[in-house]
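> Quick one: sequence and predicted model below, then my questions.
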Amino acid sequence: MMLTNAASQARFQRRKFVDRGMTAVMALAALLAVIPLVLIVFHLLVNGLGSLTPALLIEDPNSPGRAGGGVRNAITGSVVMVGLALAIGAPVAIGCGVFLAEYGQNRLGTVLRFLVDVLAGMPSITIGLFMYALIVLPNKQFMAIAGALALAIILLPIVARITEEMLLLVPRSLREAAYALGAPRWKTVLTIVLPTALPGIVTGLMLALSRIAGEAAPLLFTSLGNQFTSTDLLRPIDALPSRIYSYASGPFDYWHEQAWAMSLLLVLFILLVSLAVRAIAGSKVTVRQ
Amino acid sequence: MSDRVPTMQPHGEGLDLRPRTNGGDARSVTDKRLALRVDHISAWYGKKHAVGDVSLDIEANSVTALIGPSGCGKSTLIRTFNRMHEVATGARAEGHVYLEGEDIYAPGADPTLVRQRIGMVFQKPNPFPTMSIAENVAAGLRFMGIRSRSEIDGRVEHALKAAALWDEVKDDLKKPGMALSGGQQQRLCIARTIAVEPEVVLMDEPCSALDPVATLKVEDLMRTLAKDFTLVIVTHNMQQAARVSDHTAFMLAGDDGVGRLVEYAPTEEIFTNPKDERTEAYITGRFG
Amino acid sequence: MAVTKADGPRAARTVITGGRHIADTLFGGITGGAAAVVLLIIIGLFYQLIYRSWSSIVDNGLGFIFGTVWNPSQGMYGAGVFIVGTAITSVSALILATIVAVLVALYLVEIAPSWLARPIGYMVELLAAIPSVVYGLWGIYVLGPFLVNVVGPVITNTLGLVIPFFSGTPRVTGLLPAIVVLTIMIVPTIMAISRDVIGAVPGSQREGILALGATRWEMIQIAVIPYARSGVIGGAILGLARAVGETLAVTLVIGNRAAIADSIFAPTYTMASVIANQFQEADGPTHRAALLEVALVLLVMTFLINVVARLLVWRVTNGQRAVVVE
Ligand SMILES: Nc1ncnc2c1ncn2[C@@H]1O[C@H](COP(=O)(O)OP(=O)(O)O)[C@@H](O)[C@H]1O
Ligand SMILES: [Mg+2]
């Protein structure tokens, strides 16, 4: 750069100064954003580790007010409902994402994309009420399947949109290479485009999984909760997040301690899922770009 | 090389089909077996008219080069030869291309079957990133429905040898295709294309992303492949056209922006004795 | 060396005419069916909420939206309290979170070396994975006391002296902890999307501007922000939608009182939190229908946010921006 006079020299200094200042502001924001995580994990460990005993995992709750007992019912219920929600929701979501990416470059696609976004923006508690109105009220029975369906609906738009985006990120050249080898569209999508986008889609599934595993609001009026361990899909079933909720706002100290322990458990699980998926997806992404 | 250049003779119907200028019917440069007959092809992107009324005959088991300045419609034209043009949104083509007498634009023609018989290699090497070297070469075979492990293995080896890549990768067949160098990746893409044994292989500036050494390797490969395949290559490198091709077609975009065929003749003739002054101007480097 | 063999794939093909691929049509149909599920869900959602809250809609009329007295035992259902509570908490959180998130995203993509950017990005993303109830738990027992003891006095002694809204007695549960919790919760949503779209700005654009002698911040302003803006807005909208519908974290920390907050420390309700708090113990069908109508209002509100956001994004992406470099 040629600086021909004092004025431009001064301007150059000012620009440099602004640049440094903004860099510092950005770094500070990054620090600020990380602090809550550190604090939350710290407090989860401090408050939750003590109550994270084997009994917590393998016993059902005692009657309220009698300290001790565990939350086996909640753990079992969460596993059942989240697994069911993934099994129902993921295929539909990925199918929807494929449709948006493959056939959605027109008005129909624009409308559908909009609807998926609308669904993603819908509060999870209203989705819980939807399942309450659709399943619980007519059957006069709270049940696990209603909770799982509510979770599946929450998962659907998240995974659909991420799938679409990941598919569209796959370079055109790969698609063309497949076409040039005489692959029909469906084979191109299934064998080239989807596998290339897989790490991204898995990331999306991971995000969705950790999201629904922690959702309590849609379960309050669908699967309700259960003092005992159950795997019956047509009966009320417990779940970790909703038990954390009732314990956190409840009157007993041992409930609060168990709420911390359950939260620690949930967060550890979410952390492990995310790390595991990263490890899997990571090895496939190594050669990108 | 000179023995490969066919002698120019009048066509059987008594018409003088020696190279003429200005697209239209001036297409035949040979009386040898034809691989492709391109018949009044025009191509559009939405409203943009990119290629106007090109006709030319492409001799089997030879290398035909398309040259011309950037943006004159070479890529567009070559992509109409295996119906890849229509893959782009809003793209459309008119006219006919006959493969061994069959019109690939006939109403019943299936683009996927067309592309199995007319393969394509792209400007930038594009191996499938999720696949190993061997899987890349086998991809087209799998698209065709070939399942037998031993058959696939045999063909993979065969294609890699034919693409002069076998010796370099035979111990690394399970490595990702993306792990290879650019030149190797391009030869991998060639191997992938010829593994399905198309009759015609189209190459759109296959060397433009490669270094000179890799370029020479691919050029050598093209000459070898011409024994078994019909090659059509797009190049903006006139030396490459001169080194590799038997026939050369020169394209130019008119004032209206529409790319047309200006001259089509044996390569030697185009470079030593062009009939059209625009061709001469181009090959002597006066424009483009 | 001969490449083709007599029995090779070539031998099998002599024609190019074949049936149009039925499998392709099937593929389109199946994926299209999956996409149609979304439409069915949305229609069902609106239908069920309207149907189940119809008696409340008829009984309460517009007073439901504009009324600010919610007293189920006396049959008074004015949900205005909750609408105001939702608006204050989510808009405040949106503003705070967007500022932080965009700065973080810029830092991660443009400034930080990758050994630093990767763990920081990962940690912020993990914030999004922490469940709402865990935020609520942490909010009551950690954040709430901290705000009462440390932040509260600072606010009352500065802003509180000038603006009455910022005065009062700091409490563990109330508007302030709700806003702070919501902000923390939506930063990762906005950050992750902002980082992706900022990262997608072609390197060549950056280099082009830098080569003209721009500083890094100028490069960000000229080459990055215009290109990434619509994506960032999209992320912010997602964050807003999350804040509006966020339920349990807020229910646990907002204090749950059916009155419009007159102070940043006052307890109040949001639409989502009143449903979570009262639905199971509803006084009867009338109360229940009224809560379902709150859910309907919440749904319509998030729907409108989405519509507005979409239009905004379209306008931004359509409006060509001339890039001016000194
Ligand atoms: N996808 C496309 N959409 C619109 N116009 C295009 C597209 N691809 C190419 N063109 C236009 O068609 C003309 C021919 O392009 P191309 O065939 O790529 O030329 P060449 O390969 O000779 O450089 C050019 O004017 C180019 O701008
Ligand atoms: Mg080109």
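Looks like it arrived, so ask away. Ligands and ions are numbered 1, 2, ... in the order given.

> For C:V224, list the residues it contacts.
Going by CB atoms under 8 Å, 6 or more residues apart in numbering or on different chains, C:V224 touches C:106, C:109-110, C:198, C:201, C:206. To be clear about C-beta, it is placed using only N, CA and C from the backbone, and glycine gets the same treatment.

> Any stretches of chain C with poor pLDDT?
Judged by pLDDT under 70, chain C has its weakly predicted residues at C:1-8, C:11-15, C:18-20, C:309-326.

> May I ask which of the contacts of C:V224 has the most neighbours?
Each of the contacts of C:V224 was scored for neighbours by other CB atoms under 10 Å in any protein chain shown, and C:L106 scores highest at 27 neighbours.

> show me where chain B has helices.
Counting by DSSP state H, residue ranges of the helices within chain B are B:74-80, B:111-117, B:133-143, B:149-162, B:166-169, B:182-195, B:212-225, B:238-244, B:267-272, B:277-283.

> Name the residues of the shortest one that are buried.
The reference is to helix B:166-169. Applying a neighbour-count criterion of 16 or more other CB atoms under 10 Å in any protein chain shown, the buried positions in helix B:166-169 are B:166, B:168-169.

> Packing partners of the top helix by length along chain A?
With secondary structure taken from DSSP H, chain A has its longest helix at helix A:6-48. Helix A:6-48 makes packing contacts with helix A:253-285, helix C:80-106, helix C:114-129, helix C:132-138, helix C:175-199, helix C:216-219 when contacts are defined by 3 or more CB pairs under 8 Å, 6 or more residues apart in numbering or on different chains; DSSP states H and E.

> To chain B, which of those helices lies closest?
Each of the helices and strands packed on helix A:6-48 was checked against chain B via CB to the nearest CB, and the shortest separation belongs to helix A:253-285, namely 6.6 Å.

> Output the contacting helices and strands for the closest one.
By 3+ CB pairs under 8 Å, 6+ apart, helix A:253-285 packs against helix A:6-48, helix A:54-58, helix A:194-213, helix A:240-248, helix C:114-129, helix C:132-138.

> again, 6 Å this time
Helices and strands touching helix A:253-285, as assessed by 3 or more CB pairs under 6 Å, 6 or more residues apart in numbering or on different chains; DSSP states H and E, comprise helix A:6-48, helix A:194-213, helix A:240-248, helix C:132-138.

> quick one: that helix to helix A:194-213, angle?
Going by axes from the mean of the first three to the mean of the last three CA atoms, to 10 degrees, helix A:253-285 is angled at 170 degrees with respect to helix A:194-213.

> hang on, B:V156 packs against B:V137?
Yes: proximity of B:V156 to B:V137 meets the contact threshold set by CB atoms under 6 Å, at 4.5 Å.

> Neighbour count for the two, which is higher?
Between B:V156 and B:V137, counting by other CB under 10 Å, B:V137 is the more crowded of the two (32 against 22).

> Now do the domain split for chain A, please.
The record assigns chain A these domain ranges, following automatic domain parsing: A:7-50, A:52-60+A:69-288.

> need these in a markdown table with mean neighbour count, can you?
Output for the domains of chain A, formatted as a markdown table (neighbours: other CB atoms under 10 Å in any protein chain shown):
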| stretch | mean neighbour count |
| --- | --- |
| domain A:7-50 | 16 |
| domain A:52-60+A:69-288 | 21 |
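
> and A:D232, which of the three is it?
Here A:D232 is recorded as coil under DSSP: H, G, I helix; E, B strand; the rest coil.

> Skipping its backbone neighbours, what lies nearest it in space?
Counting by CB to CB, 6 or more residues apart in numbering or on different chains, A:D232 lies nearest to A:A144, which is 6.9 Å off, once chain neighbours are set aside.

> with the buried residues of helix B:166-169 in mind, which one is nearest to chain A?
Distance to chain A, by CB to the nearest CB, is smallest for B:V169 among the buried residues of helix B:166-169, at 15.1 Å.

> That closest one and ligand 1, how far apart?
Taking CB to the nearest ligand atom, to the nearest Å as the criterion, B:V169 is separated from ligand 1 by 30 Å.

> Next, count neighbours for the closest residue to A:K16 other than its chain neighbours.
In space, A:K16 comes closest to C:T215 once its chain neighbours are excluded; the distance is 6.4 Å by CB to CB, 6+ apart. Other residues within reach of C:T215, judged by other CB under 10 Å, total 19.

> Just read off the phi/psi values of C:T215.
The main-chain torsion angles of C:T215 are listed as degrees, to the nearest 10 and equal phi -80, psi 170.

> my guess is it contacts A:Q13, does it?
No: using CB under 6 Å, C:T215 is not in contact with A:Q13, being 11.1 Å away.

> Can you report how many residues neighbour C:L96?
Applying other CB under 10 Å, we find 17 other residues in the vicinity of C:L96.

> got it, and B:Q240?
Using other CB under 10 Å, B:Q240 has 22 other residues around it.

> for C:I233, helix, strand, or coil?
With three-state DSSP as the criterion, C:I233 reads helix.

> Kindly provide the distance from it to C:L240.
Applying CB to CB, to the nearest Å, one obtains 10 Å for the distance of C:I233 from C:L240.

> A:G50 too?
For A:G50 relative to C:L240 (CB to CB), the value is 38 Å.

> With B:D211 instead?
As defined by CB to CB, B:D211 lies at a distance of 51 Å from C:L240.

> The two: which has the busier surroundings?
Residue environment comparison for B:D211 versus C:L240 gives the larger neighbour count to C:L240, 26 against 11, counting by other CB under 10 Å.

> and the spatially closest residue to the more buried one that is not a sequence neighbour, how many neighbours?
For C:L240, ignoring the flanking residues on the chain, the nearest one in space by CB to CB, 6+ apart is C:L94 at 4.8 Å. Neighbour count of C:L94, defined by other CB under 10 Å: 22.

> Of the domains of chain A, which is nearest C:G44?
Judged by CB to CB, the one of those that comes nearest to C:G44 is domain A:52-60+A:69-288, at 6.7 Å.

> For the residue lying closest to B:D246 once chain neighbours are set aside, what are phi and psi?
Across the structure, with CB to CB, 6+ apart as the measure, the residue nearest B:D246 apart from its sequence neighbours is B:S62 (4.2 Å). Per-residue torsions, B:S62: phi -140, psi 170 (degrees, to the nearest 10).

> before we move on, the earlier item: now tell me which of the helices and strands packed on helix A:253-285 the model trusts least on average.
Within the helices and strands packed on helix A:253-285, the least confident segment by mean pLDDT turns out to be helix A:194-213, at a mean of 86.

> CSV please, covering the helices and strands packed on helix A:6-48 and showing distance to A:Y103.
Compiled in CSV, those are given as follows (distance: least, CB to CB, whole Å):
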stretch, distance to A:Y103
helix A:253-285, 26
helix C:80-106, 32
helix C:114-129, 30
helix C:132-138, 35
helix C:175-199, 24
helix C:216-219, 38
